[in-house]
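[1] return atomic coordinates for the entry below.
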Amino acid sequence: MDTINSLQDLLPPKQDTDALVSFYVDHFEYIHRIVHVPTFMREYSAFWEQEPRSRHTATTALILSMISVATCALTGPSDTASIASEYRAVAPSWICACNRWIIGQPESFQGRKLVYYQVSSLVYLARRMNSIGRKRFWNETGSLIQDAILDKLLMKPPSTDSSYTREMKRRTWAVLRELDLQNSFEFQLPTLLHSLESDASTPLNVDDQDLDQDTPTPKPHSQHTRTSYQSLSAHSWKLRLGISRRLYSAGGRPKILTPGEVLRYTHEITQELEFLPSWTTESGLVGENTNINNESGVHRKSCMLSWAFLQFQLKECLLAIHRPYLSKGSGLYSLSEMICYHASRDILVLNRKLQVLGTQSLTFLREDLLIASLTLTRITTQQPKGTLSSVAIANTTSTADLLEQCLPFSESRYLRCLYGDPWAPLTASVALASLKIHLGKETRETTKAFCGKRFLGLYYQHSPARQQTPAAADIQYLTTHPLSSEDGVLGSVGGRDDGLSGTSTGSPIDSLAQERWLDDWDSLDVGAN
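    Residues are numbered from 1 along each chain as shown. A predicted model of the protein is given here:
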């Protein structure tokens, strides 16, 4: 089967594709600016009016990669969410088909077309959203950076290009470098960006329709546009790149910055955080009863999404430079404890706010949630029982409540990804259990039962297609290890609205392996002072 037919055959019906494309455009394009929305929508409309054999293969690949990103993000009771759920199992085949198209693109003397980078970036984002090949993320963005160097995207575009083309090249380079820098922090590995010099200009803070002008006039940062996240990310780029270079350029074990460097970088990151516009303040924070579907609500949602991701990438830097000083006795322990505590709480609170908006699943593009949860747990459990730290982390119970409220986010990510990693939600469960033990709210036995039941529920819910009942040994374990009915965290999984309620089906887990895991719990330093 040729590439045209193989891509065409994978496309869902137009109505379903419309819903997925619309979700992508209305959400993800407020973060990474990959397409020019008006141009794409015109091409998309014309695409369906053409005979299948007349459609451009590049456009088909662009659409397939775009809806691959959206399938894991849609949630809730809406018709569009139901459409996304229907196609999650086939999203990996879309990604593979688009990847074959990428590999088949010839290299030319004039360089690759922008659509190559658009599809490549979307395929990478789709892999992250669907948790496919996590260990290769760093390699993939590094390879894209190499391609971009060959095609001179890091250089100032030639004056012979139209203003539209110049701006799209700037946006494309900005996307690629942000993705690669993010992987540098998450994998704690160097990047080619450490040794590059680029004279490409910052993407303009303009709405897409402004690019139709010969000389588009950028808007002030206080005015939110689709490009606000990208433009403001560029403002802190040199700082974040410098921190990454200082921490990871040598490869191997990350460096520990000197106290002087930590203080200087902390001050500069704080200045960048203060520089961020207060769109959420001006628009009003979205509350539980806010209508997020009217025009005002949609604007607030897009502002909050941009603002949250700007916060994430700067607080990621704070955690990276301060975590090594969380060992008691280090010179910056008290300061690092306070900064890591508040940065981690902010990350979790922002995830809760995005959940109210129905956009928390977009954070699948990052790993901040688990890092923040583990950092909070580490800080809190380091405090001697019955005492307070120098930063007065007085209400440790509220920290446990916050971790409990955010645990379903990790579980939801696993459930929505066909190749989801169960160890992220399991790790989050153990972190919460560790905190409960430290606070004296639960014993090691009850928390062990809680984590075991939660893990089994997730596993069976993640594999419904196998249509097998749980193993008898697993059922026996669950029935002989009663959970506490006094605490919400250790209560029954039933009654939840996140897909964990009711009787689950799935293939039996190796009960011997499960027993080994439960035995290993006793060897973990869970709840220790």
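
[2] what helix or strand is the spatially closest residue to residue 462 that is not a sequence neighbour located in?
    Spatially, and ignoring its direct neighbours in sequence, residue 462 is nearest to residue 415 (5.6 Å; C-beta to C-beta, 6 or more residues apart in numbering). Where C-beta positions appear, they are placed from N, C-alpha and C, glycine not excepted. Element membership for residue 415 (DSSP states H and E) is helix 396-416.

[3] per-residue confidence averaged over that helix?
    Averaging the model's pLDDT scores along helix 396-416 yields 87.

[4] could you do stretch 441-461 as well?
    The average pLDDT within stretch 441-461 is 84.

[5] repeat that for stretch 359-368.
    For stretch 359-368, mean pLDDT is 94.

[6] name the residues of that stretch that come out as buried.
    For stretch 359-368, burial by neighbour count (16 or more other C-beta atoms under 10 Å) applies to 359-368.

[7] export these as TSV, with columns for distance to residue 90 and secondary structure.
    As requested, the buried residues of stretch 359-368 are arranged in TSV below (distance: C-beta to C-beta, whole Å; DSSP: H, G, I helix; E, B strand; the rest coil):
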residue	distance to residue 90	secondary structure
359	24	coil
360	24	helix
361	18	helix
362	21	helix
363	24	helix
364	18	helix
365	21	helix
366	25	coil
367	26	coil
368	29	helix
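
[8] farthest-apart pair in those, please.
    Farthest-apart pair in the buried residues of stretch 359-368 is 359 and 367; separation 17.2 Å (C-beta to C-beta).

[9] name the nearest of the buried residues of stretch 359-368 relative to residue 134.
    Of all these, the one with the least separation from residue 134 (C-beta to C-beta) is residue 367, at 9.5 Å.

[10] mind pulling the model confidence for the closest residue to residue 93 other than its chain neighbours?
    Excluding the flanking residues, the one nearest residue 93 by C-beta to C-beta, 6+ apart is residue 10, at 6.5 Å. What the model reports for residue 10 is a pLDDT of 92.

[11] in contact with residue 10, which residues?
    With contact set as C-beta atoms under 8 Å, 6 or more residues apart in numbering, residue 10 has these partners: 64, 90, 93-94, 97.

[12] now which of those residues would you call buried?
    Neighbour counting by 16+ other C-beta under 10 Å classes 64, 94, 97 among the contacts of residue 10 as buried.

[13] which ones among these lie within strands?
    Judged by DSSP state E, strands contain none of these.

[14] take these and write them to JSON lines, including pLDDT.
    Output for those, formatted as JSON lines (pLDDT from 0 to 100):
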{"residue": "64", "pLDDT": "96"}
{"residue": "94", "pLDDT": "93"}
{"residue": "97", "pLDDT": "91"}
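
[15] isn't residue 178 right next to residue 33, touching?
    No. Using C-beta atoms under 8 Å, residue 178 makes no contact with residue 33, being 10.1 Å away.

[16] quick check: mean pLDDT of stretch 258-277?
    When pLDDT is averaged along stretch 258-277, the result is 97.

[17] buried residues in that stretch?
    Within stretch 258-277, the residues that qualify as buried are 262, 265-266, 268-269, 272-273, 276-277, counting by 16+ other C-beta under 10 Å.

[18] same question for stretch 108-118.
    Buried residues in stretch 108-118, defined by neighbour count with 16+ other C-beta under 10 Å: 112, 114, 116-118.

[19] now swap in stretch 450-461 and tell me
    Going by neighbour count (16+ other C-beta under 10 Å), the buried part of stretch 450-461 is 450-461.

[20] chain center to that stretch, what's the gap?
    Distance of stretch 450-461 from the chain centroid (C-alpha atoms, centre = their mean, to the nearest Å) equals 23 Å.

[21] from the buried residues of stretch 359-368, which is closest to residue 312?
    Distance to residue 312 across these (C-beta to C-beta) is lowest for residue 368, with 5.0 Å.

[22] can you tell me which residues contact that closest one?
    Applying C-beta under 8 Å, 6+ apart, the residues near residue 368 are 312, 315-316, 347.

[23] mind picking the two most distant members of the residues you listed?
    Maximum pairwise distance in those, criterion C-beta to C-beta, is 8.6 Å, between 316 and 347.

[24] between those two, which contacts overlap?
    The contact sets of residue 316 and residue 347 overlap at 368, 371 (C-beta under 8 Å, 6+ apart).

[25] now stretch 190-209: average pLDDT?
    Rounded mean pLDDT across stretch 190-209 is 93.

[26] same deal with stretch 66-74?
    Stretch 66-74 comes out at a mean pLDDT of 90.

[27] from the chain's centre, how far out does it sit?
    Its chain's average C-alpha position is 13 Å from that of stretch 66-74, according to C-alpha atoms, centre = their mean.

[28] for that stretch, measure first residue to last.
    13 Å (C-alpha to C-alpha, to the nearest Å).

[29] reformat the contacts of residue 10 as a markdown table; add distance to residue 327.
    Output for these, formatted as a markdown table (distance: C-beta to C-beta, whole Å):
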| residue | distance to residue 327 |
| --- | --- |
| 64 | 48 |
| 90 | 47 |
| 93 | 47 |
| 94 | 46 |
| 97 | 49 |
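
[30] helices - which of these land there?
    Among those, the ones falling in helices (DSSP state H) are 64, 93-94, 97.

[31] of all those residues, which two lie farthest apart?
    Greatest spatial distance among these (C-beta to C-beta): 64 and 93, at 9.5 Å.

[32] hmm, back to that, for the following helix or strand past the helix holding residue 415, which positions count as buried?
    Counting by DSSP H and E, the next helix or strand C-terminal to helix 396-416 is helix 423-439. Applying a neighbour-count criterion of 16+ other C-beta under 10 Å, one finds 424-439 buried in helix 423-439.

[33] what packs against the following helix or strand past helix 423-439?
    Once the chain leaves helix 423-439, the next helix or strand it forms, by DSSP H and E, is helix 444-462. Where contact means 3 or more C-beta pairs under 8 Å, 6 or more residues apart in numbering; DSSP states H and E, helix 444-462 is packed against helix 396-416, helix 423-439, helix 472-480, helix 511-521.

[34] re the thing from before, more neighbours: residue 178 and residue 33, which one.
    Between residue 178 and residue 33, residue 33 has the larger neighbour count (other C-beta atoms under 10 Å), namely 24 against 21.

[35] which stretches of this structure have low pLDDT?
    Within the chain, the segments meeting pLDDT under 70 span 1-5, 75-79, 109-110, 280-296, 385-397, 464-529.

[36] pull the distance from the longest helix anywhere in it to the chain's centre.
    Among the segments of the chain that qualify as a helix by DSSP H, the longest is helix 295-322. Average the C-alpha atoms of helix 295-322, do the same for its chain, and the two points are 12 Å apart (C-alpha atoms, centre = their mean).

[37] same for the next helix or strand after it, what does it pack against?
    Following helix 295-322 in sequence order, the next helix or strand is helix 333-357 (DSSP H and E). Applying 3+ C-beta pairs under 8 Å, 6+ apart, one finds that helix 333-357 contacts helix 295-322, helix 368-381, helix 396-416.

[38] need these in JSON lines (columns: distance to residue 86).
    Compiled in JSON lines, these are given as follows (distance: least, C-beta to C-beta, whole Å):
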{"stretch": "helix 295-322", "distance to residue 86": "24"}
{"stretch": "helix 368-381", "distance to residue 86": "26"}
{"stretch": "helix 396-416", "distance to residue 86": "13"}
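
[39] fine by me, thanks again.
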